[in-house]
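> sharing a model prediction with you, sequence too.
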Amino acid sequence: MTDSALTLPSKSEKDIRESAKTVFLEEYDKLLESDPMLEEKVFKVKGLMSELLTHRKKKTKRRRRSSIT
């Protein structure tokens, strides 16, 4: 991922949230290296892990659909 890909959209809160989730999931391994307690921190935030897993599932479905066509 390039630095330019880390720029969050300025459209709406929803777009920013979705982009932040994508960046978090794509860079998860690097983030975990820099903060080994990351998983515990994420689990402490009510509903965050569920949001991240739901977001990842949506992205996976989109990729599969577009790769078939």
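On my side now, so go ahead.
> contacts and neighbour counts: CA atoms only from here.
OK.
> quick one: the strands in the protein?
Counting by DSSP state E, the chain has no strands at all.
> now the helices: where do they sit in it?
Counting by DSSP state H, the chain has these helices, from start to end: 13-26, 28-34, 38-44, 48-68.
> so can I have a markdown table of these showing mean neighbour count and mean pLDDT?
Converted to a markdown table, those look like this (neighbours: other Cα atoms under 10 Å; pLDDT from 0 to 100):
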| stretch | mean neighbour count | mean pLDDT |
| --- | --- | --- |
| helix 13-26 | 15 | 87 |
| helix 28-34 | 12 | 94 |
| helix 38-44 | 12 | 92 |
| helix 48-68 | 12 | 75 |
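> which residues touch residue 24?
For residue 24, the contacting residues are residue 31, by Cα atoms under 8 Å, 6 or more residues apart in numbering.
> what do you get if the cut-off is 10 Å, keeping everything else the same?
6, 18, 30-31, 52 (Cα atoms under 10 Å, 6 or more residues apart in numbering).
> do the same with residue 32
38-39.
> ok so, going back, widest-spaced pair of the contacts of residue 24?
The most widely separated members of the contacts of residue 24 are 18 and 30, with 19.3 Å between them, by Cα to Cα.
> which one of the contacts of residue 24 is nearest residue 40?
residue 31 (12.9 Å).
> contacts only, for the closest one.
Residues in contact with residue 31 (Cα under 10 Å, 6+ apart) are 24-25, 37-38.
> turn these into JSON lines, columns for distance to residue 12.
Output for these, formatted as JSON lines (distance: Cα to Cα, whole Å):
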{"residue": "24", "distance to residue 12": "18"}
{"residue": "25", "distance to residue 12": "20"}
{"residue": "37", "distance to residue 12": "30"}
{"residue": "38", "distance to residue 12": "27"}
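> tell me which of the residues you listed is nearest to residue 45?
The nearest member of the contacts of residue 31 to residue 45, counting by Cα to Cα, is residue 38 at 11.2 Å.
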